[in-house]
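In: Next come a sequence and a model predicted from it.
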Amino acid sequence: MKSSANHLFAVFLLLILVGCGENADHQLIIRGGMVYDGLGGPGQVMDIAVDGDRITALGDLSGRSAVEDVDAAGMAVAPGFINMLSWAVESLIEDGRAMSDVYQGVTLEVFGEGSSWGPLSPAMKTNLKARQGDIQYDIAWTTLGEYLQHLEARGVSVNVASFIGATTPRVYELGFEDRSPTPEELERMTALVRQAMEEGAMGVASSLIYAPAFYADTAELTALVGAAAEYGGSYISHMRSEGAAFEDAVDELIGIARATGADAEIYHLKAAGRENWNKLERVFGKIESARAEGLNIRADIYTYTAGATGLDAAMPPWVQEGGYEAWAERLKDPAIRARVAEEMRTPSKDWENLMLAAGSPDRVLLLGFKNDTLKPLT
């Protein structure tokens, strides 16, 4: 009898809840929070009603009821945050919950800084498979759109979007060679950009301190960005330099925007290295002048003084030509190792050396290794 009574009580409670849901004005009301809408204005205390996956009302909703009420008094309420330079391209395959970002309020992951997870040639798939680390996965897609659909089909908890990395069509056509594309190769590269744009890419993104992206000249980048601009796509760039050639790099980005009509944004705007800090005001002036000209030049910044990247950002690009295997093979030569070490210690405008930008080797922390025997050191 006790079991039956509990069952009847549960049914009765369920009927009450269903009835409340039918009579309530909204599914959810967040009440009394300081709402920041993301448009840059001051916060306002108000209520927010949510039904399904849409905000359906804002303002004083004290006269309305909800199935669920959340008291947000004394708290800030904002739209989901955007991780606009996300490298969760592999971790979302492993675990689509994205807890490390979701718990911080991030609801959108934007990929594509320099390289993107599509389009992939057979050779690129082979190389990507060989370079996998702790996270192992099958590459069940070819185009950028197929990759995003692959994540969506896995049921990831965050929204996803991507630029097409400028390096990706270059590697698709040229591999890891340090040369300019032929006119025919460049045409195929721009066709890959157009395909990605038709699949929903946000534009073209470059990361020009890294090989093989470093090998691309301004004309090549302009052609790729111009193809994206045909679809309203923008250009966003980890520029060719944030240090010795900082101002030249800003000029290059602005020039590409001017030539193509594309909106352009500087990834993580900063002056890297103490000796370059005095350049930042002049860079601000360049950006403001370009905006006054009518160009939509933007910049983003992170709020800490450290950075994280690969060892390739401390080695000259010439030693990396041909890809990882060729790079590793060259470093077996003592003479080449000595030349590389000397160039790593020598300031230069010819390439971006983030070890020198850190100030000294003792300011560099080694955090990640592919070799299992080295991992305990982390």
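Out: Arrived safely. Numbers count the residues shown, from 1 in each chain.

In: all strands in the chain, in order from the N-terminus.
Out: Secondary structure of the chain (DSSP state E): strands at 26-35, 44-51, 54-59, 66-71, 76-77, 81-83, 106-111, 159-162, 164-165, 203-207, 234-238, 264-266, 297-299.

In: could those strands go into JSON lines alongside distance to residue 318 and mean neighbour count?
Out: All C-beta atoms are positioned from the backbone trio N, CA, C, and that covers glycine. Formatted as JSON lines, those follow (distance: least, C-beta to C-beta, whole Å; neighbours: other C-beta atoms under 10 Å):
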{"stretch": "strand 26-35", "distance to residue 318": "53", "mean neighbour count": "19"}
{"stretch": "strand 44-51", "distance to residue 318": "55", "mean neighbour count": "18"}
{"stretch": "strand 54-59", "distance to residue 318": "53", "mean neighbour count": "12"}
{"stretch": "strand 66-71", "distance to residue 318": "57", "mean neighbour count": "15"}
{"stretch": "strand 76-77", "distance to residue 318": "49", "mean neighbour count": "16"}
{"stretch": "strand 81-83", "distance to residue 318": "33", "mean neighbour count": "16"}
{"stretch": "strand 106-111", "distance to residue 318": "28", "mean neighbour count": "20"}
{"stretch": "strand 159-162", "distance to residue 318": "30", "mean neighbour count": "19"}
{"stretch": "strand 164-165", "distance to residue 318": "22", "mean neighbour count": "29"}
{"stretch": "strand 203-207", "distance to residue 318": "18", "mean neighbour count": "29"}
{"stretch": "strand 234-238", "distance to residue 318": "20", "mean neighbour count": "24"}
{"stretch": "strand 264-266", "distance to residue 318": "26", "mean neighbour count": "22"}
{"stretch": "strand 297-299", "distance to residue 318": "30", "mean neighbour count": "17"}
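
In: any chance of those in a markdown table, plus distance to residue 117 and mean pLDDT?
Out: As requested, the strands of the chain are exported to a markdown table (distance: least, C-beta to C-beta, whole Å; pLDDT from 0 to 100):
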| stretch | distance to residue 117 | mean pLDDT |
| --- | --- | --- |
| strand 26-35 | 35 | 98 |
| strand 44-51 | 32 | 98 |
| strand 54-59 | 30 | 96 |
| strand 66-71 | 37 | 97 |
| strand 76-77 | 33 | 96 |
| strand 81-83 | 16 | 94 |
| strand 106-111 | 7 | 97 |
| strand 159-162 | 7 | 98 |
| strand 164-165 | 9 | 98 |
| strand 203-207 | 13 | 98 |
| strand 234-238 | 17 | 98 |
| strand 264-266 | 21 | 98 |
| strand 297-299 | 25 | 97 |
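
In: For residue 82, name its beta-bridge partners.
Out: With DSSP bridges as the criterion, residue 82 is bridged to residue 108.

In: dump the residue contacts of the nearest residue to residue 269 once chain neighbours are set aside.
Out: Closest residue to residue 269 apart from its sequence neighbours, by C-beta to C-beta, 6 or more residues apart in numbering: residue 299 at 3.9 Å. For residue 299, the residues meeting the contact criterion (C-beta atoms under 8 Å, 6 or more residues apart in numbering) are 265, 266, 269, 287.

In: From those, pick the one nearest residue 30.
Out: Minimum distance to residue 30 across those is 31.4 Å, recorded for residue 265 (C-beta to C-beta).

In: Do I have it right that that closest one meets residue 291?
Out: No - applying C-beta atoms under 8 Å as the test, residue 265 and residue 291 come out as separate, 12.0 Å apart.

In: Between the two, which contacts overlap?
Out: Listed contacts common to residue 265 and residue 291 are residue 297; contacts here mean C-beta under 8 Å, 6+ apart.

In: Could you export the strands of the chain as JSON lines, including distance to residue 184?
Out: Below are the strands of the chain laid out as JSON lines (distance: least, C-beta to C-beta, whole Å):
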{"stretch": "strand 26-35", "distance to residue 184": "54"}
{"stretch": "strand 44-51", "distance to residue 184": "53"}
{"stretch": "strand 54-59", "distance to residue 184": "48"}
{"stretch": "strand 66-71", "distance to residue 184": "59"}
{"stretch": "strand 76-77", "distance to residue 184": "54"}
{"stretch": "strand 81-83", "distance to residue 184": "37"}
{"stretch": "strand 106-111", "distance to residue 184": "29"}
{"stretch": "strand 159-162", "distance to residue 184": "27"}
{"stretch": "strand 164-165", "distance to residue 184": "20"}
{"stretch": "strand 203-207", "distance to residue 184": "20"}
{"stretch": "strand 234-238", "distance to residue 184": "24"}
{"stretch": "strand 264-266", "distance to residue 184": "27"}
{"stretch": "strand 297-299", "distance to residue 184": "32"}
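
In: what's the straight distance from one end of stretch 38-58 to the other?
Out: 15 Å (C-alpha to C-alpha, to the nearest Å).

In: Apologies, that question was intended for stretch 152-165.
Out: End-to-end for stretch 152-165, by C-alpha to C-alpha: 20 Å.

In: how far does it sit from the chain's center?
Out: 11 Å (C-alpha atoms, centre = their mean, to the nearest Å).

In: Listing request: residues of this protein with sub-threshold pLDDT.
Out: 1-22, 376-378 (pLDDT under 70).

In: Buried residues in stretch 369-378, which are they?
Out: Using 16 or more other C-beta atoms under 10 Å as the test for burial, stretch 369-378 gives no buried residues.

In: which residues touch that stretch?
Out: 133, 366, 367, 368.

In: Kindly indicate which of those residues lies nearest residue 184.
Out: residue 133 (35.8 Å).

In: Quick check: the gap between that closest one and residue 270.
Out: 28 Å (C-beta to C-beta, to the nearest Å).
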